[in-house]
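[1] dropping a prediction and its sequence here:
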Amino acid sequence: MAGNSNPNSGSGARTSVGRPTQVERLAAYAYRAQFGDLSPESVRQLPIHILDSLACSIAALGAPPINAFREQVQDFAGTGPSSLIAGGSSNPVYAAFWHTALVRYVDFMDNFLAPTETCHTADNFGSVLTAAEYVGASGRDLMLGVALSYTVQSRFVDHANFMTRGFDHTTQLAFSIPAAAGKLLGMSEGQIAHGIAMAASSDASFAVIRAKPLSQWKGLASAQSALGSMNAIFLARRGVQGPLAVIEGTNGIDNLLHRQIDIDWEHEGYEGVVTSTIKKYNAMIHTQSAVHCMIELIRQQAIHPDDVISIEADVTQITFDFAGGGLYGPVGDNITTKEQADHSLPYLLAVALLDGSVMPAQFAPDRINRADVQQLLRKVVTRPNPDYTREYPVQMPAKITVRLKDGTVRTHTVEDFPGMPSRPFSWQQAVDKFDNLVDGHLDRTLSDEIKDAVQSLATIQTRDLTNLLGAILYPASG
């Protein structure tokens, strides 16, 4: 990895007094990370998760909010050393902003699941890709950066309660992005710590982003977090210092969360990717099992929608809270946009029964507003099941009960879905998802070249991949 050539960037020595702060311990953890620290399973799964992130990024091209992001980048930072997916260049701060919006917008990327909270680990990918290309890093370095960032974000979800205290899960990116980017940029422990401190103290976001009614910002807020985090780490690279006690200091994060964050970074590995979940369906993560259950049910037993009296979904408490009308507000029956639809369990189950699939096509405006799905979603009843909640997050059980006009009752139950850590995606499953999502965006030759590059990341350079990504043509309508 490239070193820091700035002579005024400061040393890596600690600036705190006494025991290192959480931020300093995190910086040391990032600084010492090496590719050899990764387990064989992490090395196997990293290309799968990277291909999944790229599939989501390419599928987002041409969406109206993404067009606005592209215009913003072109107008404000349209030249620079960082290449962009789908062509053009920018500075690394805005390149990370662009790449993060792409990977997040279609809401089909991977996640980490904890008992009461969650995060989208792929929110880190755009910044890591940008930083790796910026310094001419190897593909192995890119893989390490992804592993590092996934682990940092996941551990903050495990050991803190950001969402239950009103903060959005994009808040943790202020720790994970500077940690991984600082490592890739060859920065000292001290510089990385100050970058994390500045980002963490300035780039918090609020859980109202996930509350009903949902807006487009639901799928774009992480890009703003990437913008701030990358700006902070580059300032730290120039020697700017931040509040190292941002977590445990007076009026710090511990005070806001009403608990002490104390993560054992000295003994933490870099295995975040193996605990992340890949989505099989283009729907909010906690709805995956219920959607999977519905699709398995209709494949086993044909159900005509006109015969349906009701659809009952027994799910975990967190599924109910996010998508069934619980903590984050009533889902209602006025579902008219993508953002509302992919977080509405009634819509998802209705469209799954009708179409036998929940992919990007199920969120086209004309599909969402068609009479068949609008009528059927009003027949869906959701409820939390305490037994299922106790099994989460190791499993994510769901039960679907469909009652028909002739008195017949059709039921099906699942314990989990393909993509959970207990059933991780294979390379071929990742390829199948990639091919489905990029259809219409790439020609066959470029698609195959991108897949081959990702599969060979351990032996190529990051720029070998980003050169291919830059050759993607942006949709003419954009």
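    Here it is on my side, so go on.
[2] make it CA atoms for all contacts and neighbour counts henceforth
    OK.
[3] just the helices in the stretch 101-250 of the chain please.
    Under the criterion DSSP state H, counting those that start in this stretch, the stretch 101-250 of the chain contains helices at 125-134, 139-159, 173-184, 189-202, 221-237.
[4] want to throw these into CSV with mean neighbour count, distance to Val373 and mean pLDDT?
    What follows is the helices of the stretch 101-250 of the chain, written out as CSV (neighbours: other C-alpha atoms under 10 Å; distance: least, C-alpha to C-alpha, whole Å; pLDDT from 0 to 100):
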stretch, mean neighbour count, distance to Val373, mean pLDDT
helix 125-134, 28, 34, 98
helix 139-159, 25, 35, 97
helix 173-184, 31, 36, 98
helix 189-202, 28, 42, 98
helix 221-237, 26, 29, 98
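[5] output stretch 287-296 as PDB, nothing but the C-alphas.
    C-alpha atoms of stretch 287-296 as PDB (Å, rounded to 0.1, in the frame of the first residue of the first chain):
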ATOM      1  CA  THR A 287     -38.400  -9.500   5.100                       C
ATOM      2  CA  GLN A 288     -36.200 -12.000   3.200                       C
ATOM      3  CA  SER A 289     -37.400 -15.100   5.000                       C
ATOM      4  CA  ALA A 290     -41.100 -14.100   4.700                       C
ATOM      5  CA  VAL A 291     -40.700 -13.400   1.000                       C
ATOM      6  CA  HIS A 292     -38.700 -16.700   0.600                       C
ATOM      7  CA  CYS A 293     -41.500 -18.500   2.400                       C
ATOM      8  CA  MET A 294     -44.200 -17.100   0.100                       C
ATOM      9  CA  ILE A 295     -42.300 -17.900  -3.000                       C
ATOM     10  CA  GLU A 296     -41.600 -21.500  -1.800                       C
END
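[6] quick one: it to chain centroid distance?
    Distance of stretch 287-296 from the chain centroid (C-alpha atoms, centre = their mean, to the nearest Å) equals 20 Å.
[7] same question for it, mean pLDDT?
    Here stretch 287-296 scores 98 as its mean pLDDT.
[8] contacts for it, please.
    If you take C-alpha atoms under 8 Å, 6 or more residues apart in numbering as the criterion, stretch 287-296 is touched by 279-281, 313, 315, 319, 323, 345, 348-349, 352-353, 356-358, 396-400, 412-417.
[9] could you redo the last one with a cut-off of 7 Å?
    Residues from elsewhere that reach stretch 287-296 (C-alpha atoms under 7 Å, 6 or more residues apart in numbering): 281, 319, 345, 348-349, 352-353, 356, 396-400, 412-414, 416-417.
[10] those in helices, which ones?
    Using DSSP state H, the members of those that fall in helices are Thr319, Leu345, Leu348, Leu349, Ala352, Leu353.
[11] hang on, the fifth one packs against Met359?
    Translated: Ala352. No. Contact criterion C-alpha atoms under 7 Å: Ala352 and Met359 do not qualify, at 9.5 Å.
[12] kindly confirm my reading that Val402 is in a strand.
    Yes. Using DSSP: H, G, I helix; E, B strand; the rest coil, the secondary structure at Val402 is a strand.
[13] per-residue pLDDT, it?
    Predicted confidence (pLDDT) for Val402: 98.
[14] OK, contacts around it?
    By C-alpha under 7 Å, 6+ apart, the neighbours of Val402 are Val308, Ser310, Ile311, Glu312, Val409, Arg410, Thr411.
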